[in-house]
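S.K.: requesting a structural model of the entry that follows:
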Amino acid sequence: MYSILYCDPPWDYKGQSQTGKNSVNTGGAVAHYATMKLADLKTFTLPALEKDCLLFMWSSSPHLNQAIQLGEAWGFKYITIGFVWDKEMVNPSYYTMSQVEICLIFKKGRIPQPRGKRNIRQMVSEKRGRHSAKPAQVRDRINEMFPTQRKMEMFARERTEGWDVLGNEV
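M.R.: The predicted structure is shown next:
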């Protein structure tokens, strides 16, 4: 059973890049992996969880509302923004140039015990790598916060030492 879940859901952008269906940008998620609609994500079967569990979920700005809905559908309560990733470069978007992604924290029950470090920084500045890859230092920071808890990364694209993974690319 897991006390810490970490995920970057394969958000659906309606089959197009974030900049629109007429964009020449082919860097959207759909060009790299299968995406899922919110209704399908809500029915995703979670692994067995401890009664006290945290969910760390990545969201891009356009999916913030959906991310909160998804966490709630999975039985968690939205608590706060855990991490803000400054990608150190900008991407086109409908309103402003997109530069950050956020990792939300949801809770079921209480904060898992025992706790590790509590002085972990929220801001992560790291240049974007391959599409959808998140900074490894976020997992490292979660490990520092919760060093003894069993952890699962859902929708994983690579294996990480000390974490169980679930994903169609690992």
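
S.K.: distance check, the closest residue to W11 other than its chain neighbours against T35.
M.R.: Leaving aside its chain neighbours, W11 sits nearest to H63 (4.8 Å; criterion: C-beta to C-beta, 6 or more residues apart in numbering). Any C-beta I mention is one placed from the backbone N, CA and C, and that applies to glycine too. Going from H63 to T35 by C-beta to C-beta, to the nearest Å gives 11 Å.

S.K.: please enumerate the helices of the chain.
M.R.: 38-42, 64-73, 136-145 (DSSP state H).

S.K.: all strands for the protein, in order.
M.R.: Per DSSP state E, the chain carries strands over the ranges 2-7, 49-59, 77-91, 98-108, 123-125, 151-154, 164-166.

S.K.: give me whichever of the ones you listed is most buried.
M.R.: Per residue and on average, the most neighbours among the strands of the chain fall to strand 2-7, with a mean of 23 (mean count of other C-beta atoms under 10 Å).

S.K.: before we move on, the earlier item: give me the more crowded residue out of H63 and T35.
M.R.: H63 (21 against 17; other C-beta atoms under 10 Å).

S.K.: that older thread, closest one to L104 among the helices of the chain?
M.R.: Among these, the nearest to L104 by C-beta to C-beta is helix 64-73 (5.8 Å).

S.K.: what does the closest one contact?
M.R.: Counting contacts by C-beta atoms under 8 Å, 6 or more residues apart in numbering, the residues outside helix 64-73 that touch it are 9, 11, 38, 41-42, 55, 57-59, 77-78, 102, 104, 106.

S.K.: and which of those is nearest to V84?
M.R.: I102 (5.5 Å).

S.K.: partners of that closest one in the sheet?
M.R.: Beta bridges link I102 to S59, V84 when assigned by DSSP bridges.

S.K.: ok, it - contacts?
M.R.: Here I102 is in contact with W58, S59, S61, L64, I81, F83, V84, W85 (C-beta under 8 Å, 6+ apart).

S.K.: now do the same for it: its pLDDT.
M.R.: With respect to pLDDT, I102 has a value of 98.

S.K.: now do the one 3 residues further on
M.R.: pLDDT for I105: 99.

S.K.: could you check how far it is from S132?
M.R.: For I105 relative to S132 (C-beta to C-beta), the value is 20 Å.

S.K.: if anything else comes up later, I'll come back, but that's it for now.
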